[in-house]
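Engineer: model this:
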Amino acid sequence: MVTRREWLGHALGAAAALGLAPRLAGAQSSGESSLILRAIPSTGERLPIIGLGSSATFAQVARKDDHEALRAVLAKMVELGGTVFDTAPSYGASEEVAGRIAQSLGIADKLFWATKVNVASRGGAADAAAARQQIEVSFSRIGRKRIDLIQVHNMGDIATQLPVLREFKQQGRVRYLGVTTTFESQYAGLIDTMRTQKLDFIGTNYAIDDRFAEQTILPLARDKGIAVLCYAPFGRSRLWARVKDRPLPAWAAEFDAVTWAQFFLKFVASHPDITCITPATSRASNMADNMAGGRGRLPDAAMRKRMIALIDGLPGA
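Structural biologist: Numbering: from 1, shown residues only. This next block holds a predicted model:
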């Protein structure tokens, strides 16, 4: 598998050979255009279209003693206008480490903090008291009196854990609640929950080569007034393996994309029902590149078809 780091190394080498290195480096700066904002349907509050997730590489670095890289990532996101940070108690040390970093940087109150709860055994029941305790631990890690969003992770015992979240929301300690899954086997349950429960958010996977959500989940979110956090916009590392060292097509400039990361993120952002995209990274340079994917023009319907045709035609489908 080709990682994003490996792809960027190939791309920088090729760009230097073609005299394009300054252009690629410029993609990692803040840019001149404003960061795209999307409204949370239940309140109208607007969020930057690009945020930060804390699974994958972020979680791997969080387990180490040296957290300077993560400190730089969080600082860069806020510097470039980002606010949404998505984490979970199950992401190893991510929640705890990010909480300490945010407090030390003085940015804890600038973040839109999205975390999760799930004390259910795999496919089994959850204990409400244990769910409340897990949430209290999240509060202690984050160091805030209110958490912006808590979601039931991976559809874990919705009947038990969603009412617990409603308790915290009624108390004014949680602003928004929702449910998440990135597992195909849970999509039917997610759709049913969206239809039968009052939710502020859902979190699910969506990428240029992973478009199942377009069929029912995203239209239903629009109809029900539910915000959508997008996970895995790079297909985890799958899309990097597919593009390898292939140069970005020149026509990507028509929607202001100058890197593959921006190409992938702008495809997702161009779907009007996506509220915020939260790719994980442990590198400040990647964070800057991602943020640039939330600025400038977005592909229209015809361009989206062209983008899909390009990626669907690559090996690894």
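Engineer: contacts, neighbours, all on C-alpha from now
Structural biologist: Noted.
Engineer: where does the chain have its least confident helix or strand?
Structural biologist: Taking mean pLDDT, DSSP states H and E as the measure, the helices and strands of the chain show their lowest mean at helix 21-26, namely a mean of 37.
Engineer: shouldn't residue 149 be in contact with residue 135?
Structural biologist: No. Taking contact to mean CA atoms under 8 Å, the distance of 11.3 Å between residue 149 and residue 135 leaves them out of contact.
Engineer: ok, which stretches of the stretch 51-200 of the chain are strands?
Structural biologist: Secondary structure of the stretch 51-200 of the chain (DSSP state E, counting those that start in this stretch): strands located at 52-53, 84-86, 112-117, 147-152, 174-180.
Engineer: what stretches of the stretch 151-300 of the chain score poorly on pLDDT?
Structural biologist: Of all residues in the stretch 151-300 of the chain, none has pLDDT under 70.
Engineer: ok, which stretches of it are helices?
Structural biologist: 158-170, 187-196, 217-224, 238-243, 260-269, 284-292 (DSSP state H, counting those that start in this stretch).
Engineer: Among those, which comes closest to residue 41?
Structural biologist: Each of those was scored for nearness to residue 41 using CA to CA, and the closest is helix 217-224 (8.4 Å).
Engineer: For that closest one, name the packing helices and strands.
Structural biologist: Contact partners of helix 217-224 among helices and strands, from 3 or more CA pairs under 8 Å, 6 or more residues apart in numbering; DSSP states H and E: helix 187-196, strand 227-231.
Engineer: Now do the contacts for the closest residue in space to residue 126 that isn't next to it in sequence.
Structural biologist: Setting aside the residues directly before and after it, residue 126 is nearest to residue 120 in space (CA to CA, 6 or more residues apart in numbering), at 4.0 Å. If you count contacts by CA atoms under 8 Å, 6 or more residues apart in numbering, residue 120 has them with 126-127, 156-157.
Engineer: Just the buried ones out of these, please.
Structural biologist: In terms of neighbour count (16 or more other CA atoms under 10 Å), the buried residues within the contacts of residue 120 are 126, 156-157.
Engineer: Just say which of the helices and strands packed on helix 217-224 is most tucked in.
Structural biologist: Ranked by mean neighbour count, the helices and strands packed on helix 217-224 are led by strand 227-231 with a mean of 25 (mean count of other CA atoms under 10 Å).
Engineer: what about that strand, distance to the chain center?
Structural biologist: Between the centre of strand 227-231 and the centre of its host chain there is 7 Å, according to CA atoms, centre = their mean, to the nearest Å.
Engineer: The least confident helix or strand of the chain: what's the following helix or strand?
Structural biologist: As assigned by DSSP states H and E, the chain's next helix or strand after helix 21-26 is strand 37-39.
Engineer: now for that following strand, which elements pack on it?
Structural biologist: strand 46-48.
Engineer: Output the strands of the stretch 51-200 of the chain as CSV; include the columns mean neighbour count and distance to residue 103.
Structural biologist: Compiled in CSV, these are given as follows (neighbours: other CA atoms under 10 Å; distance: least, CA to CA, whole Å):
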stretch, mean neighbour count, distance to residue 103
strand 52-53, 26, 17
strand 84-86, 25, 14
strand 112-117, 22, 13
strand 147-152, 24, 14
strand 174-180, 22, 19
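Engineer: Adding distance to residue 270, write those strands out as a markdown table.
Structural biologist: Putting the strands of the stretch 51-200 of the chain into a markdown table (distance: least, CA to CA, whole Å) gives the following:
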| stretch | distance to residue 270 |
| --- | --- |
| strand 52-53 | 18 |
| strand 84-86 | 18 |
| strand 112-117 | 22 |
| strand 147-152 | 24 |
| strand 174-180 | 21 |
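Engineer: so which of those comes closest to residue 168?
Structural biologist: In this view, the strands of the stretch 51-200 of the chain are compared for proximity to residue 168 by CA to CA, and strand 174-180 is the closest at 5.5 Å.
Engineer: With just CA atoms, put that closest one into CSV.
Structural biologist: Extracted as CSV, the C-alpha positions of strand 174-180 are listed here (Å, rounded to 0.1, in the frame of the first residue of the first chain):
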residue,chain,number,x,y,z
VAL,A,174,-23.6,18.4,25.7
ARG,A,175,-24.7,20.7,22.9
TYR,A,176,-25.3,18.1,20.1
LEU,A,177,-25.8,14.4,20.0
GLY,A,178,-25.8,11.7,17.3
VAL,A,179,-24.7,8.2,16.2
THR,A,180,-21.9,6.9,14.0
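Engineer: Direction included, what does that strand pair against?
Structural biologist: Sheet neighbours of strand 174-180, with direction, are listed as strand 147-152 (parallel), strand 201-205 (parallel) (DSSP bridges).
Engineer: I'd like those strands as TSV, with distance to residue 254 appended.
Structural biologist: Rendered in TSV, the data for the strands paired with strand 174-180 read as follows (distance: least, CA to CA, whole Å):
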stretch	distance to residue 254
strand 147-152	35
strand 201-205	26
